[in-house]
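In: sequence first, then the predicted structure:
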Amino acid sequence: MEGERHQIEPEELGYSLANLAEVMFPCLEAIEARSVAEIGAFTGSLTSELLAWAAPRGTQITAIDPNAEGKLVELANEHTELELLYERSNDALRRIDLPDAVIFDGDHNYYAVREDLKVVEERSQGGRIPLLIVHDVGWPHGRPARRKSSSIGRPSGFRRMRGRGAFW
Ligand SMILES: C[S@@+](CC[C@H](N)C(=O)[O-])C[C@H]1O[C@@H](n2cnc3c(N)ncnc32)[C@H](O)[C@@H]1O
């Protein structure tokens with residue numbers, strides 16, 4: 001995964017979660033989120049929308065992406081309410097204070113997401129589990145997303161998992 005670069009901006013292909021802001025943000029408002037983590041932020045298309053939403057609310061945003069680039073880096077330099085972590089989600093989730101909401105849009109492999117969810121569950125023991133928003137679970141059209149995420153560190157049985165709603 002490190003070193004990989006998306007060739008096409010999320011806005012161009014329309015796959016940025018920024019397109020779903022009108023669905024997501026009311027969910028964040030419903031739980032009165034004071035802190036939100038975005039796993040997989042790439043060039044910051046959703047992050048910039050999150051920042052605009054968060055500003056009047058005083059909500060803290062954490063963007064987690066080892067390959068963060070472009071506008072996202074500029075946003076992190078300009079906004080103290082945005083923390084940018086150049087880390088894999090599983091490492092970051094073990095270390096940071098658990099936010100009120102976590103948006104999963106990083107490694108789209110079933111194993112990676114499952115391991116992240118396990119960390120969130122373990123760390124939530126005795127407390128409130130964050131609101132979990134997971135992108136591309138059944139995309140496209142119920143087939144696994146064919147993303148080129150690295151399979152390094154992933155058990156072989158999870159490298160090419162297929163099935164309805166499964167991650168690639
Ligand atoms: C689909 S893009 C994110 C798009 C962004 N959320 C948006 O809506 O505009 C996926 C990003 O996930 C990052 N990524 C892949 N594996 C990751 C991991 N294990 N932890 C954090 N980020 C990861 C990639 O570097 C890539 O930038």
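Out: Arrived safely, thanks for sending. A quick note: this is a predicted structure, and the numbers were derived from the prediction, not measured.

In: low pLDDT regions in this protein?
Out: 1-13, 138-153, 156-168 (pLDDT under 70).

In: what segments of it are strands?
Out: 35-39, 60-64, 82-85, 101-104, 131-134 (DSSP state E).

In: adding mean neighbour count and distance to the ligand, write these out as CSV.
Out: Just so you know, the C-beta spots here come from the backbone N, C-alpha and C atoms, and that holds for glycine as well. Formatted as CSV, the strands of the chain follow (neighbours: other Cβ atoms under 10 Å; distance: least, Cβ to the nearest ligand atom, whole Å):
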stretch, mean neighbour count, distance to the ligand
strand 35-39, 25, 5
strand 60-64, 24, 5
strand 82-85, 20, 9
strand 101-104, 24, 7
strand 131-134, 16, 11
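
In: now the residue in the chain positioned nearest to the ligand. Nearest residue, chain neighbours left out?
Out: Here the residue of the chain nearest the ligand is residue 40; by Cβ to the nearest ligand atom that distance is 2.6 Å. Nearest in space to residue 40, with sequence neighbours left out and distances taken as Cβ to Cβ, 6 or more residues apart in numbering, is residue 106 at 3.2 Å.

In: OK, contacts around the one you found?
Out: By Cβ atoms under 8 Å, 6 or more residues apart in numbering, the residues touching residue 106 are 39, 40, 64, 65, 88, 89, 112, 116.

In: my guess is the second one meets residue 104, correct?
Out: Yes: in terms of Cβ atoms under 8 Å, residue 40 counts as a neighbour of residue 104; the distance is 7.5 Å.

In: between these two, what contacts are shared?
Out: Joint contacts of residue 40 and residue 104 (Cβ under 8 Å, 6+ apart) are residue 89.

In: taking strand 35-39 as reference, get the angle to the longest helix belonging to the chain.
Out: Assignment by DSSP state H gives helix 110-123 as the longest helix of the chain. Here helix 110-123 runs at an angle of 160 degrees relative to strand 35-39 (axes from the mean of the first three to the mean of the last three Cα atoms, to 10 degrees).
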